[in-house]
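**Student:** Sharing a sequence plus its predicted fold:
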Amino acid sequence: MSLGFFQFTARGFSFDGRCRDQDTSWVSTPVAGGFDRLQWTGGRGRTETISGALFDEFGGDWSLEGIKLAAKQGQPLTLVSLGGAPFNAFGIFVVERISEDHGFIDQNGRPMKNAYTIDLRGYEGEMNLMSAAVGTVLQLL
């Protein structure tokens, strides 16, 4: 799987879970003498949560730092599955939140494990041509 040009791997920048959610909104309108009526008001969209752990001995920190930088710059990223044929393009997402939990602190105070969670929200806007082109080319490699 790949988020933008940051590819998850078995060793290094790996993930152990992925959760998807789609939220559609309905409002209830009271009706005198009858049951409430429901009206669809659209929705808040789709979200994805990717979780995993980085271990100091296997690396992967630079990929997580790259995703943080893309989030800080407001850069939408394409989420695709690279395994199997054909590959799945899940869509374009923005990073809403990255949580990290450092553990297994060594004698020098460095964490040996970094459990992370990346919260994504589906992006319905336009991407600039350059970022879309770079994302497409890197996904095909």
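**Tutor:** Structure's in. What do you need? Note that this is a predicted model, so its numbers are computed, not measured.
**Student:** Please name the nearest non-neighbouring residue to the residue nearest to the spatial centre of the chain.
**Tutor:** Nearest residue to the geometric centre of the chain (C-alpha atoms, centre = their mean): Leu120, 3.9 Å. Among residues not flanking Leu120 along the chain, Phe93 sits closest, at 3.9 Å (C-beta to C-beta, 6 or more residues apart in numbering). Every C-beta, even on glycine, is put in place using the N, C-alpha and C of the backbone.
**Student:** swap in Ala53?
**Tutor:** Ala115 (4.6 Å).
**Student:** isn't the one you found right next to Leu64, touching?
**Tutor:** No. Using C-beta atoms under 8 Å, Ala115 is not in contact with Leu64, being 11.2 Å away.
**Student:** Which neighbours do these two have in common?
**Tutor:** Shared contacts of Ala115 and Leu64 (C-beta atoms under 8 Å, 6 or more residues apart in numbering): Glu100.
**Student:** neighbour count winner among these two?
**Tutor:** Leu64 (18 against 15; other C-beta atoms under 10 Å).
**Student:** and the residue nearest to Leu120, what does it touch?
**Tutor:** When contacts are counted by C-beta under 8 Å, 6+ apart, Phe93 touches Leu3, Glu48, Pro76, Leu77, Thr78, Leu79, Leu120, Arg121, Gly122, Tyr123.
**Student:** Which of the helices or strands spans the residue nearest to Ala53?
**Tutor:** Ala115 is part of strand 111-122 when elements are defined by DSSP states H and E.
**Student:** buried set for that strand?
**Tutor:** Applying a neighbour-count criterion of 16 or more other C-beta atoms under 10 Å, one finds Pro111, Asn114, Tyr116, Thr117, Ile118, Asp119, Leu120, Arg121, Gly122 buried in strand 111-122.
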